[in-house]
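Visitor: coordinates for the following, if possible.
(one chain, ligands or ions: 1)
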Amino acid sequence: MVDWEALWREALYGPSGFFTRGEVPADHFRTAPLVGAELAEALLVLLDRVDFALGRPARLDFVDVGAGGGELAAAVRAGATGSVAARLVVTAVDVGPARSLPGVRWTAALPSSVHGLLVGHEWLDAVPCPLVVGPVSHPWLDRWWPVGEGERAEVGEPRDAAWADAVSRVARGAALAVDYGHVRADRAAGRYAAGTFAAYRGGRRVEPVFDGSCDLTAHVALDACAEAAGGDRVLVSQRDALAALGLSGAVTAAAGPGWLAAAERASRIAELRAPGGLGSFGWLLHGVGVPVSSLLPPLPPWRP
Ligand SMILES: C[S@@+](CC[C@H](N)C(=O)[O-])C[C@H]1O[C@@H](n2cnc3c(N)ncnc32)[C@H](O)[C@@H]1O
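Guide: Next comes the predicted model:
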């Protein structure tokens, strides 16, 4: 039997793997940190709420796991102001080559103890997992993704373990996974019967090959990740979360010199909040020693 998970891991993270040799999303696909600084802006609002809940500690962490080109970490560092900026320690974590970004520490391994906010932005979709064709019986599939005759699926167990490990690194604060994905109700209803495994190269979807020439990815069962990490948590849409953090996208500037910049900003926010696009990404937020209700107001459950 082919070990697809091992092939996938080798293709991305082997000695000449796609991410090992330093390929970054900017060259192959568009992620929210590449849209502009607005995602970082929203995360700084979230970080400020975490900071307040922690009692404004002497050191405040922002950890970007699976940092890619480091755009998000750099934008958070650049956008921080006042007392938060003075106490903030920004760490980018990636297995790819270290990058030199002002004010950002780069490391290949997750820190052991985080006091602040840990974010995995489009990280979990790049964690390889077994690919199966039904019928197949497996405890994870039985619980999370019933697979019928001829149906395809990805076994999300390695993502669950990766996320549970990341959340366990947070001593106090919050952990946020942002990704494209699905929930059990839709998987069980057969909406993803063809599976979601896919490959991208140079901005295009291509036939998957396991030779390190393309990014290999699959949607994330964020509901399974939520249960695996446990604790106080919510799973909401990026569209709703961004609005709750102050990014609504309304153009408030009157016609005049500031109007064009305001309209451009509104269009970036609209892209981040677009239904069916980035707005349909899930935000899985865990509080650790901090109630999630102090970080986000009640929002509808995510249903991509
Ligand atoms: C799809 S990219 C996302 C990059 C960036 N966060 C963004 O949204 O633009 C996934 C990244 O996760 C990194 N990655 C995967 N597994 C990792 C691990 N265990 N530790 C650190 N980085 C990892 C990959 O090297 C890759 O750069």
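Visitor: which positions within stretch 214-230 qualify as buried?
Guide: Under the neighbour-count criterion of 16 or more other CB atoms under 10 Å, stretch 214-230 has 214-226, 228-229 buried. Every residue, glycine included, has its C-beta placed from N, CA and C.
Visitor: sorry, slip of the keys, the one I care about is stretch 40-58.
Guide: Neighbour-count burial for stretch 40-58, with 16+ other CB under 10 Å as criterion, is recorded at 40-44, 46-51, 53-54.
Visitor: just these: which are in helices?
Guide: Secondary structure assignment by DSSP state H places 40-44, 46-51, 53 of the buried residues of stretch 40-58 in helices.
Visitor: figure out the length between the terminal residues of stretch 106-119.
Guide: Taking CA to CA, to the nearest Å, stretch 106-119 runs 15 Å from one end to the other.
Visitor: that one vs the ligand: in contact?
Guide: No - on the criterion CB under 6 Å from any ligand atom, stretch 106-119 is out of touch with the ligand, staying 6.6 Å away.
Visitor: flag every buried residue along that stretch.
Guide: So for stretch 106-119, counting by 16+ other CB under 10 Å, buried means 106, 110-111, 114-119.
Visitor: would you list those residues in a markdown table and tack on secondary structure, distance to G148 and pLDDT?
Guide: Output for these, formatted as a markdown table (DSSP: H, G, I helix; E, B strand; the rest coil; distance: CB to CB, whole Å; pLDDT from 0 to 100):
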| residue | secondary structure | distance to G148 | pLDDT |
| --- | --- | --- | --- |
| W106 | strand | 45 | 98 |
| L110 | coil | 37 | 98 |
| P111 | coil | 42 | 98 |
| V114 | strand | 41 | 98 |
| H115 | strand | 46 | 98 |
| G116 | strand | 44 | 98 |
| L117 | strand | 40 | 99 |
| L118 | strand | 37 | 99 |
| V119 | strand | 36 | 98 |
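Visitor: just those now: which is nearest the ligand?
Guide: Nearest to the ligand, judged by CB to the nearest ligand atom, of those is L110 at 6.6 Å.
Visitor: residues contacting that closest one?
Guide: When contacts are counted by CB atoms under 8 Å, 6 or more residues apart in numbering, L110 touches 63, 65, 93, 165-166, 169.
Visitor: same list (these) but as CSV, adding distance to A177.
Guide: Output for the contacts of L110, formatted as CSV (distance: CB to CB, whole Å):
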residue, distance to A177
V63, 12
V65, 9
V93, 14
D165, 12
A166, 8
R169, 13
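Visitor: and the ligand, which of these contact it?
Guide: 65, 93.
Visitor: correct me, but V206 touches Y200?
Guide: Yes - assessed by CB atoms under 8 Å, V206 is found in contact with Y200 at 6.7 Å.
Visitor: give me the more crowded residue out of those two.
Guide: Y200 (17 against 14; other CB atoms under 10 Å).
Visitor: if we look just around the ligand, which residues of the stretch 51-200 of the chain are in range?
Guide: 65-68, 93-96, 121-123, 126-127.
Visitor: these, buried ones only, as a ChimeraX selection?
Guide: Burial among those is assessed by 16+ other CB under 10 Å; the matching ChimeraX selection reads:
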select :65,66,67,68,93,94,96,121,122,123,126,127
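Visitor: and of the residues of the stretch 51-200 of the chain next to the ligand, the nearest to A6?
Guide: Checking these against A6 by CB to CB gives V127 as the nearest, at 13.4 Å.
Visitor: from D94, how far out is that closest one?
Guide: Plainly put, V127 is 13 Å away from D94 if you go by CB to CB, to the nearest Å.
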